[in-house]
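*Asks:* For reference, the sequence and a predicted model appear below.
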Amino acid sequence: MSANKGWWVPPEGEDSVSEKFLRKTRESPLVPVGLGGCLAVAAYRIYRLKARGSTKMSIHLIHTRVAAQACAVGAVMLGEGLMGVTERKRSLLDKIWL
């Protein structure tokens, strides 16, 4: 038995968590931006929790979740849209030059 029982080691030939994250970042660069925006919105809304006024706690938390999710989904959609535009331009240029 290994002395480091508490540490998770990926099986042979499988990426570690950091390698997988870097690969996913290269494939879609706006995903980390969306994740950061999601965390920033959630942190700000939780910070402003005391100044929510007469709004119920559950409604405030639902609004926080929706705003954070919208930020993350918006970044992913923006990234996919930009990738689609660049691929379309590339395919049009290939048709022109070939």
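*Replies:* Cool, the structure landed.
*Asks:* Contact partners for Leu78?
*Replies:* Taking Cβ atoms under 8 Å, 6 or more residues apart in numbering, we find Leu78 in contact with Leu30. Yep, even glycine has a C-beta here, placed from its N, CA and C like the rest.
*Asks:* If we use 10 Å, what do you get?
*Replies:* With contact set as Cβ atoms under 10 Å, 6 or more residues apart in numbering, Leu78 has these partners: Leu30, Val33, Gly34.
*Asks:* now these as a markdown table including pLDDT, distance to Arg23 and neighbour count?
*Replies:* Output for the contacts of Leu78, formatted as a markdown table (pLDDT from 0 to 100; distance: Cβ to Cβ, whole Å; neighbours: other Cβ atoms under 10 Å):
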| residue | pLDDT | distance to Arg23 | neighbour count |
| --- | --- | --- | --- |
| Leu30 | 80 | 15 | 20 |
| Val33 | 85 | 17 | 18 |
| Gly34 | 84 | 17 | 22 |
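*Asks:* for those residues, which one is nearest Asp94?
*Replies:* Leu30 (25.0 Å; Cβ to Cβ).
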